[in-house]
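Q: how does the following fold in three dimensions:
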Amino acid sequence: MNDSPYRLDPAGGCPHAANARLLAQGAVARVVLPGEVEGMAVLGHDALREFLSHSDVAKNAQHFTALAEGRIPEGWPLRTFATVQGMTTVDDADHRRLRSLVSKAFTARRVEELRPRVETVTAELLDRLAEAAHAGDGVADLRRHFALPLPLGVICELLGVDEEYQDRLHHLSSQVVATDIGPEQALRANRELLEVLTAIAADRARRPGDDLTSALIAARDEGGDRLSQPELIGTLVLMIIAGHETTLNLVTNAVRALCTHREQLAHLAEGRADWSDVVEETLRWDSPVSYFPFRYPTRDLTVDGTPIPKGTPVLAGYSAAGRDPKVHGPDADRFDITRVPAAKHLSLGHGPHYCLGAPLARMEATIALEALFTRFPDLDLAVPQEELTRHASFVGNSVRTLPVRLG
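A: Residues are numbered from 1 along each chain as shown. All right, here's what the predicted structure looks like:
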């Protein structure tokens, strides 16, 4: 491991060149987070897999030493990741309780029941994409008109969130995951997101429906404990952000990859790969999440020969692990949907906190990509890839807009 820590750029940018340099030095790197907060990142595939399932690694911020000692200010841009009350920031029995309350909405059967709705919404959005392109001299922002409204619409429908809230929720959640945001803006975005979700929950309490928010409000676990109000709102924060930001980036990154690797479309046409292969290779090659905060060792640990002190905030380096040449081979940085993977990628997590919505994200992306390229087989980028503006975050990994010509 290099002795000098890697300073993460709050403005985000493409992570892959820096990831390759860090991986060449070792599987674990010291990093400097915004606000000069010291942390670490686990980047190597095998090291990350071990770390994510380690019994002495926690998600509860009570183990975050700098936070416990009062050294993390209220407006710190990553504070919500540590302190939001929900299944991503608890461990063991509390984690199992909260996860069990939500998991019923994401069983294989429930996800499959959503398939006709996802197909219908996808077809409607393709019509809207065509209209946007017609109005824009043949160019439309695929991210805004297609990749965003599909997962956002589906997760809001699952949660019983009215359409009038959707644009605001996306705007606020994108601010919450931004890492270049100032303290006052971060506090304002978090406060407003909580206010909006509290209003939604209050409405669902008054008018319960056949939706997950109503079910969570009424839920009691086996011990008879009601979901607390902070846990309810924290769970909704998690569901809204994770339920659409990841799939939004996945679809955007897959379209960008296919447009810049046209030979891969031939593999699909000739039956050498299918659309689920596109989804899995995109997840590996250009993970929707780059560095995910946080986990904390509950004792001093050594991971792949590198000490990680107790209480250190640790990032899961999913975008780096996906291109780790020690596991994925010397051509790990090549996008190839016919690839026979040497190991399953980690982009949706591993261990007890594995992404609950993984089946839904996979289904949405597979349906969306197949329908998009079936209807618009000549779809291509409207600007050179180098001109695309990246996310202002080292958490999310994608571009802000994706202008395309439908052909």
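
Q: for L372, give its distance to E195.
A: Distance, L372 to E195, using C-beta to C-beta, to the nearest Å: 36 Å. In this view, the C-beta of every residue, glycine as well, is placed from N, C-alpha and C.

Q: do the same with A219
A: 23 Å.

Q: so L372 and E195 - more neighbours on which side?
A: L372 (24 against 12; other C-beta atoms under 10 Å).

Q: roughly how far is the helix or strand containing the more buried one from the heart of the chain?
A: Element membership for L372 (DSSP states H and E) is helix 358-375. Centre-to-centre, helix 358-375 and its host chain are 16 Å apart (C-alpha atoms, centre = their mean, to the nearest Å).

Q: cool, and stretch 127-146?
A: Worked out by C-alpha atoms, centre = their mean, stretch 127-146 lies 25 Å from the chain centre.

Q: can you tell me the distance between the two ends of that stretch?
A: Taking C-alpha to C-alpha, to the nearest Å, stretch 127-146 runs 10 Å from one end to the other.

Q: got a list of contacts for that stretch?
A: Residues from elsewhere that reach stretch 127-146 (C-beta atoms under 8 Å, 6 or more residues apart in numbering): 125-126, 149, 248, 251-252, 255, 368, 372, 382, 398-406.

Q: same thing but 10 Å
A: 122, 125-126, 147-149, 248-249, 251-252, 255-256, 259, 368, 371-372, 375-376, 379, 381-383, 388, 398-407 (C-beta atoms under 10 Å, 6 or more residues apart in numbering).

Q: how close does the nearest residue to C259 once chain neighbours are set aside sit to V139?
A: Closest residue in space to C259, ignoring its immediate chain neighbours: L381 at 4.8 Å, by C-beta to C-beta, 6 or more residues apart in numbering. As for L381, its distance to V139 is 10 Å (criterion: C-beta to C-beta).

Q: which residues do the two both contact?
A: Listed as contacting both L381 and V139 by C-beta under 10 Å, 6+ apart are 403-405.

Q: in CSV: those residues, plus pLDDT, secondary structure and distance to T89.
A: As requested, the shared contacts of L381 and V139 are exported to CSV (pLDDT from 0 to 100; DSSP: H, G, I helix; E, B strand; the rest coil; distance: C-beta to C-beta, whole Å):
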residue, pLDDT, secondary structure, distance to T89
P403, 98, strand, 37
V404, 98, strand, 37
R405, 97, strand, 43
